[in-house]
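please work out how this folds:
(one chain, ligands or ions: 1)
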Amino acid sequence: MSGGDKTFFVSPGGTLRGRLRVPGDKSISHRAVMLGALADGETEVTGFLEGEDSLATLRAFQAMGVRIEGPEGGRLRIHGVGVDGLRPPPGPLDLGNSGTSMRLLAGILAAQPFDTELRGDASLSRRPMARVTEPLARMGACIETSAQGTPPLRIHGGRALRGIEYTLPVASAQVKSALLLAGLYAAGQTCVTEPAPTRDHTERMLEAFGYPVARAGRRICVRGGGRLSATAIEVPADLSSAAFFLVGAAMTPGSELLLEQVGVNPTRTGVLAILREMGADLTLENEGRVGGEPVADIRVRGKKLRGVEIPEAQVPLAIDEFPVLFVAAACAEGVTVLRGAAELRVKESDRIQVMAEGLQALGIEARPTAGGMVIRGGRLQGGTVEAHGDHRIAMAFAMAGLRAAAPIEIRDCANVATSFPGFVTLAREAGLDIRETGREI
Ligand code: S3P
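Numbering: from 1, shown residues only. Now for the predicted structure:
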């Protein structure tokens, strides 16, 4: 899976209007496959994200002997094999671009009686894995990485794990989840304390599968040796995908969009809080719950935004939305300052550097700092930017077209298919003048 040969062309101007439903939540889709595979009984999933990342997780479990029917129209039927029912895969598991697949699987596979090898594409092969392999080693796991702590991961099975008490050095839901999943197999209790709240889909879904999770403030514990009972999982629309449209509409006067049944878990809604600080007109309607997760329709009306100092407490709650929030800042009146977000440098690309370079290429004063960026709002010009194979960078710059003075060409966009298949079609329907050329991945 290399993202090299797709280019987006966006003509300037337009507004976003209408009602949209974006595809299913990526984080929840991964977890539905993982827990469904390890459960006793049949799990029905609806709204599953048919993107390359969640499909990589699905194929990994198929390779370990789990029968999964679908996906068909977002529907899966997973024939769970039980916590002890996975089979050795015939070869290395290729997880493409997906950090979530690799880090969460590391937790599950550290506890299996067989060896596995986890690989990824060029981007995933550069990403830090010691953050999961080190605490897993403390639990008794044996995982080899490259000398730099990067993939491939060679996981030696047949190790008896023991529970640990662990304080996360970085706010990471992937690390937290890897340890909790390993904790299902460990002797005694595994407890993880987070420095700040991060997405809690693993905890919620474990509970939905009938597995007790003890939560007290920022400390989350599971006791090993339990079983998971199959259940029905309805995956809400992904707020991180909705965010491109939310921001595009919020920063473009004349826009009005309704995004239907989007997941609004409070550990994910930093983008809404930050947009509101910037003066955006957002309302939540028709609020409800699906599969233990809160959902709502989000209505957004475009207006002029203002620059803000982004509160650091919002950073983990908006961690995937900064590429598009930087575009909002570029169109806002005044200066926007982000601090405390060094994690952005180890995502699918270095999102601080790549966004700063792209915004500069479009005539915006954007100064990268070690842990964030300072952006002075101005007039976005046209030009060519590089997405560096990062799906969220590509979609963020696509939205910049709404406020640009001339066409924008965005290179290296094929990985949009990892999280948002159908993005270009949906964006065109909503009113963005975007075309793509090149090969599908
Ligand atoms: C995710 C956690 C976050 C996020 C990623 C998905 C998850 O990563 O950026 O897109 O599903 O647990 P980190 O745990 O590295 O912050």
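
now for the nearest residue to Pro92 once chain neighbours are set aside: which residues touch it?
Distances taken as C-beta to C-beta, 6 or more residues apart in numbering place Glu117 nearest to Pro92, at 4.0 Å, with adjacent residues excluded. Using the backbone N, CA and C atoms, a C-beta is placed for each residue, glycine as well. By C-beta atoms under 8 Å, 6 or more residues apart in numbering, Glu117 lies in contact with Gly91, Pro92, Leu93, Pro152, Leu153, Arg154, Ile155.

then Thr202?
Counting by C-beta under 8 Å, 6+ apart, Thr202 has contacts Arg31, Leu104, Ala173, Lys176, Ser177, Leu180, Leu181.

now do the same contact list for Thr267.
Ala173, Pro197, Thr198, Arg199, Asp200, Pro316, Leu317.

at 10 Å what do you get?
Ala173, Ala196, Pro197, Thr198, Arg199, Asp200, His201, Glu203, Arg204, Pro316, Leu317 (C-beta atoms under 10 Å, 6 or more residues apart in numbering).

of those residues, which ones also sit close to the ligand?
Restricting those to those near the ligand by C-beta under 6 Å from any ligand atom leaves Ala173, Arg199.

max pairwise distance over the contacts of Thr267: which two?
Ala196 and Arg204 (17.9 Å; C-beta to C-beta).

alongside the ligand, which residues does the stretch 251-400 of the chain contribute?
Ile319, Asp320, Glu343.

among these, who's most crowded?
The most crowded member of these, judged by other C-beta atoms under 10 Å, is Asp320 (24 neighbours).

let's have the contacts of Thr202 in JSON lines, adding distance to Thr336 and pLDDT.
Formatted as JSON lines, the contacts of Thr202 follow (distance: C-beta to C-beta, whole Å; pLDDT from 0 to 100):
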{"residue": "Arg31", "distance to Thr336": "33", "pLDDT": "98"}
{"residue": "Leu104", "distance to Thr336": "33", "pLDDT": "99"}
{"residue": "Ala173", "distance to Thr336": "25", "pLDDT": "98"}
{"residue": "Lys176", "distance to Thr336": "29", "pLDDT": "99"}
{"residue": "Ser177", "distance to Thr336": "31", "pLDDT": "99"}
{"residue": "Leu180", "distance to Thr336": "35", "pLDDT": "99"}
{"residue": "Leu181", "distance to Thr336": "37", "pLDDT": "99"}
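
if any of the residues you listed are buried, put those into a PyMOL selection.
Listed next is the PyMOL selection for buried residues among the contacts of Thr202, using 16 or more other C-beta atoms under 10 Å:
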select buried, resi 31+104+173+176+177+180+181
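
quick one: which of the contacts of Thr202 is nearest the ligand?
Ala173 (3.6 Å; C-beta to the nearest ligand atom).

re the thing from before, could you export the residues of the stretch 251-400 of the chain next to the ligand as CSV, including pLDDT?
Shown next, in CSV, are these (pLDDT from 0 to 100):
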residue, pLDDT
Ile319, 98
Asp320, 98
Glu343, 98
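
mind checking which of the residues you listed land in strands?
Members of those lying in strands (criterion: DSSP state E): none.

around the ligand, which positions in the stretch 1-150 of the chain sit nearby?
Residues of the stretch 1-150 of the chain lying near the ligand (C-beta under 6 Å from any ligand atom): Ser27, Thr100.

so where do the helices sit in the chain?
26-38, 52-63, 99-109, 130-138, 173-183, 201-208, 239-250, 270-277, 322-331, 351-361, 391-400, 423-430 (DSSP state H).

would you turn those into JSON lines with distance to Gly288?
Formatted as JSON lines, those follow (distance: least, C-beta to C-beta, whole Å):
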{"stretch": "helix 26-38", "distance to Gly288": "16"}
{"stretch": "helix 52-63", "distance to Gly288": "23"}
{"stretch": "helix 99-109", "distance to Gly288": "26"}
{"stretch": "helix 130-138", "distance to Gly288": "34"}
{"stretch": "helix 173-183", "distance to Gly288": "23"}
{"stretch": "helix 201-208", "distance to Gly288": "15"}
{"stretch": "helix 239-250", "distance to Gly288": "15"}
{"stretch": "helix 270-277", "distance to Gly288": "17"}
{"stretch": "helix 322-331", "distance to Gly288": "26"}
{"stretch": "helix 351-361", "distance to Gly288": "32"}
{"stretch": "helix 391-400", "distance to Gly288": "27"}
{"stretch": "helix 423-430", "distance to Gly288": "23"}
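
quick one: which of those helices is nearest Arg299?
The nearest among the helices of the chain, by C-beta to C-beta, is helix 239-250 at 9.4 Å.

low pLDDT regions in the chain?
1-4, 439-441 (pLDDT under 70).

that one - how does it break down into domains?
As given by automatic domain parsing, the domain ranges for the chain are 6-24+236-438, 26-233.

leaving out the residues flanking it, which one is nearest to Gly371?
Ala342 (4.2 Å).

pull the contacting residues for the one you found.
Ala342 touches Val170, Val315, Ile352, Thr369, Ala370, Gly371, Gly372, counting by C-beta under 10 Å, 6+ apart.

of the residues you listed, which is the most crowded?
Neighbour max across the contacts of Ala342 (other C-beta under 10 Å) = Ile352, 25 neighbours.

and stretch 39-56, how far out from the chain middle?
Relative to the centre of its chain, stretch 39-56 is centred 15 Å away, using C-alpha atoms, centre = their mean, to the nearest Å.

buried set for it?
Quick answer for stretch 39-56 (16+ other C-beta under 10 Å): 39-40, 43-56.

pull the most distant pair out of the residues you listed.
Maximum distance among these (C-beta to C-beta): 29.3 Å, for Asp40 and Glu52.
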